[in-house]
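Colleague: return a 3D structure for these sequence lines:
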Amino acid sequence: MDEKICKSEAEWQQQLSAEAFAVTRRKGTEPAFSGQYHDCKMEGVYHCTCCDAPLFRSDEKFDSGSGWPSYWQPLSAAAIHTEEDLSHGMKRVEVQCARCGAHLGHLFEDGPPPTGLRYCINSISLKLKEKQ
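Modeller: Numbering: from 1, shown residues only. The predicted model follows:
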């Protein structure tokens, strides 16, 4: 894993679109079925939109029907960080980029084999680097 990236809120605001900032730095959520990757079938690796860290492979992506890109595992355990999220009157597990702390989405235990996990990720927090 690369060195951690720490930037001020102002630096992130300069780098990101208003929508990407709201989701990745303010823990927002894009509307279901609105993101560019929710039904994307292209092969490649999905990277963090904030720091370019590789996070998920298209090989581990599946259609969860939720309206957000879903993966049954991250690229590596070191790529992500999880923590408890008690916002909105729910108990969930938040998924963050381990390198820069960007909010990516949430982790649920209703995914397919072999892990049974569903990493439900906002499209705007990702950028796909297509397989060449």
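Colleague: which stretches of the chain form helices?
Modeller: Along the chain, the segments classed as helices by DSSP state H run 9-15, 18-24.
Colleague: any idea which of these gets closest to Pro114?
Modeller: With C-beta to C-beta, the closest approach to Pro114 among those belongs to helix 18-24: 28.9 Å. All C-beta atoms are positioned from the backbone trio N, CA, C, and that covers glycine.
Colleague: neighbouring strands - and their directions - for the one helix or strand in the chain whose mean pLDDT sits lowest?
Modeller: Least confident helix or strand of the chain, by mean pLDDT, DSSP states H and E, is strand 80-85 with a mean of 94. Here strand 80-85 is paired, per DSSP bridges, with strand 92-97 (antiparallel).
Colleague: which residues touch the partner strand?
Modeller: 27, 48, 50-51, 53, 55, 79-86, 102-108, 119, 121, 125 (C-beta atoms under 8 Å, 6 or more residues apart in numbering).
Colleague: switch the cut-off to 6 Å
Modeller: With contact meaning C-beta atoms under 6 Å, 6 or more residues apart in numbering, strand 92-97 is reached by 48, 53, 80-83, 85, 103-107, 119.
Colleague: cool, and stretch 21-40?
Modeller: By C-beta under 6 Å, 6+ apart, stretch 21-40 touches 12-13, 50, 67-69, 102-103, 122-126.
Colleague: what's the farthest-apart pair in those residues?
Modeller: Gln13 and Gly67 (26.8 Å).
Colleague: which residues of the chain score low on pLDDT?
Modeller: The chain contains residues with pLDDT under 70 at 1-2.
Colleague: ChimeraX command to pick out the buried ones of the contacts of stretch 21-40?
Modeller: Typed into ChimeraX, the line below selects the buried ones among these, using 16 or more other C-beta atoms under 10 Å:
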select :12,50,67,68,69,102,103,122,123,124,125,126
